[in-house]
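> one predicted model, sequence on top.
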Amino acid sequence: MDQAILIDLVTKTMPFGKYKGRLLCDLPEEYLVWMHGKGFPEGKLGMWLHTLYEIRLNGLESILFELRRRYGKF
């Protein structure tokens with residue numbers, strides 16, 4: 001997996017909607033499941049959300065912890 005994408009997940013924020021301004025890595029799992037059912041948006045945002053969905057689906061959140069500590073905002 002591309003580390004730049006993982007860094008984006010801990011540094012980029014949701015640009016619209018109910019969770020506008022929230023770090024992508026902090027989006028609730030229920031929201032990602034809903035977006036998966038609805039269809040992820042086009043472009044980078046969709047790719048980030050789909051990647052985060054797959055990380056959560058497979059229980060791999062631990063790969064984001066160190067990156068968040070290093071690059072993310074708390």
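Good, I have the coordinates.
> in space, what's closest to residue 7 - neighbours in sequence excluded?
In space, not counting the residues next to it along the chain, residue 7 is nearest to residue 71; the distance is 5.3 Å by C-beta to C-beta, 6 or more residues apart in numbering. (C-beta placed from N, C-alpha, C; glycine too.)
> can you check residue 28 too?
Residue 28 sits nearest to residue 19 (C-beta to C-beta, 6+ apart), 7.8 Å away.
> am I right that that neighbour is in contact with residue 31?
Yes - using C-beta atoms under 8 Å, residue 19 is in contact with residue 31, at 6.4 Å.
> spell out which residues are contacts of both of those two.
Contact criterion C-beta atoms under 8 Å, 6 or more residues apart in numbering; residues shared by residue 19 and residue 31: none found.
> please enumerate the helices of the chain.
3-11, 29-38, 43-57, 62-71 (DSSP state H).
> what about the residue nearest to residue 28, how many neighbours?
15 (other C-beta atoms under 10 Å).
> next: residue 55.
By other C-beta under 10 Å, 19 other residues sit near residue 55.
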